[in-house]
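# structure for this input, please:
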Amino acid sequence: MSKGQMERREFLRVSAVTGLAAVSGAVGIQDALARRDRHLWGAYVDQRNGQESQKAVNAFESMIGRKLDVTRHYAGWDLNLPTAFIDWSAHAGHTPYVALHAWTQRGEVIPWAEIANGQHDSRLRSQAHGLKSAGYRMIFCFHHEPEADTNNGSAADFKAATRHVRNVFDHEGVNNLTYVVNLSHNTYRGKYGGADAWMPSRYDWVSADGYNRWPLSAPKNESFHELFRAAHRYATNHGKRLFIGEVGSIESSDATHKARWIRGARETAKQWNIAGMVYSHTGNQFHGEQLNYWVDSSRHALRAYRAAGHDRFFD
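Prediction:
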């Protein structure tokens, strides 16, 4: 899925991630998130047939037969945090997963170097106050998949900007965030200069995005294990947990292909003891092809997804 297509739609839309039961108080949730025996299971929930975001989340919960415990939110630079939908999500018992990007809703690019040099500190302090005053725990990512947005600057600029955002938030007393750095799965394989080129010195979880687009837009059928093996190795080598920020597979001529792919993802996630996995429940264009990631694209796929979500590992 194209990151730009997902993020530049409307910023109050939500991806729903299942997994972590609501825990009262920021400190309690932080403790739960830090535990290696807790694992997030979920999905990006796209809107269908004119649904509002809340109704889309509720309908998805009904379809999979379990509560969604974390919701994902993509935010432009000029979107004030937290939004009304983020507040709704938190007060409904979810933990919001918020990605703040260095471009505005109109597409204006905010150079990472300017952020790192303190030219946008007033804006960052305002966001920090909003996030802190919310009072609930959030998972936070600054500019996920930065490799796709090099108009913002270089890898070194991104690292410096990420470090500066964290420093400003710390200075303003923001203590209710779990920080993830979200890169493409190919970056952990050495593309775009490799993960070290982009990874800042301070973060809580390693995060990666990856999709199996075979047979439409990829030459090879890649399992979850193949997609994220390098990211898992990187996380393990750095003593961090692995969090899958976006993942999905499309259907093939084999009616059970996608279901088997989901079952394989479930088993690999358990073997690796991942922090969480976010499946993209959506349809999207990629290189001119319409890709069907919906978990209910077939009865086999939905059955496999429901079974994974009800696995004790993700409970």
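# all helices of the stretch 151-300 of the chain, in order?
155-171, 185-188, 224-237, 257-272, 299-309 (DSSP state H, counting those that start in this stretch).
# can you tell me which of those is packed in deepest?
Counting by mean count of other CB atoms under 10 Å, helix 185-188 has the highest mean neighbour count of these, with a mean of 22. C-beta: built from backbone N, CA, C; applies to glycine.
# burial measure for the closest residue to residue 276 other than its chain neighbours, as a count.
Nearest residue to residue 276, sequence neighbours excluded (CB to CB, 6 or more residues apart in numbering): residue 40, at 2.6 Å. A count of nearby residues for residue 40, using other CB atoms under 10 Å, gives 22.
# ok, residue 40 touching residue 275?
Yes: using CB atoms under 8 Å, residue 40 is in contact with residue 275, at 6.4 Å.
# can you redo the helices of the stretch 151-300 of the chain as a markdown table with mean pLDDT?
Below are those laid out as a markdown table (pLDDT from 0 to 100):
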| stretch | mean pLDDT |
| --- | --- |
| helix 155-171 | 98 |
| helix 185-188 | 98 |
| helix 224-237 | 98 |
| helix 257-272 | 97 |
| helix 299-309 | 96 |
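# which neighbours do residue 40 and residue 275 have in common?
Residues touching both residue 40 and residue 275 (CB atoms under 8 Å, 6 or more residues apart in numbering): residue 243.
# picking that back up, tell me the phi and psi of the residue nearest to residue 276?
The phi and psi torsions at residue 40 (degrees, to the nearest 10) take the values phi -90, psi 130.
# start the count at 188, not 1, going forward
OK, 188 is where the count begins now, so the last one is residue 227.
# and the pLDDT at it?
Looking at residue 227, its pLDDT reads 82.
# measure it to residue 325 for me?
13 Å (CB to CB, to the nearest Å).
# try residue 502
Noted for residue 502: a distance of 22 Å to residue 325, by CB to CB.
# more neighbours: which of those two?
Each of residue 502 and residue 325 has its neighbours counted (other CB under 10 Å); residue 325 has more, 23 against 13.
# these two touch, right, that one and residue 287?
No: in this structure, residue 325 is not within contact of residue 287 by CB under 8 Å, at 10.8 Å.
# who are the neighbours in contact with the nearest residue to residue 355 once chain neighbours are set aside?
Leaving out its chain neighbours, the residue that sits closest to residue 355 by CB to CB, 6+ apart is residue 311, at 4.5 Å. Residue 311 sits next to 302, 351, 352, 355, 356 when contact means CB under 8 Å, 6+ apart.
# for those residues, which one is nearest residue 315?
Of all those, residue 356 has the smallest distance to residue 315: 4.9 Å, by CB to CB.
# let's have the helices of the stretch 338-487 of the chain in a markdown table, adding distance to residue 239.
Shown next, in a markdown table, are these (distance: least, CB to CB, whole Å):
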| stretch | distance to residue 239 |
| --- | --- |
| helix 342-358 | 30 |
| helix 372-375 | 32 |
| helix 411-424 | 31 |
| helix 444-459 | 27 |
| helix 486-496 | 23 |
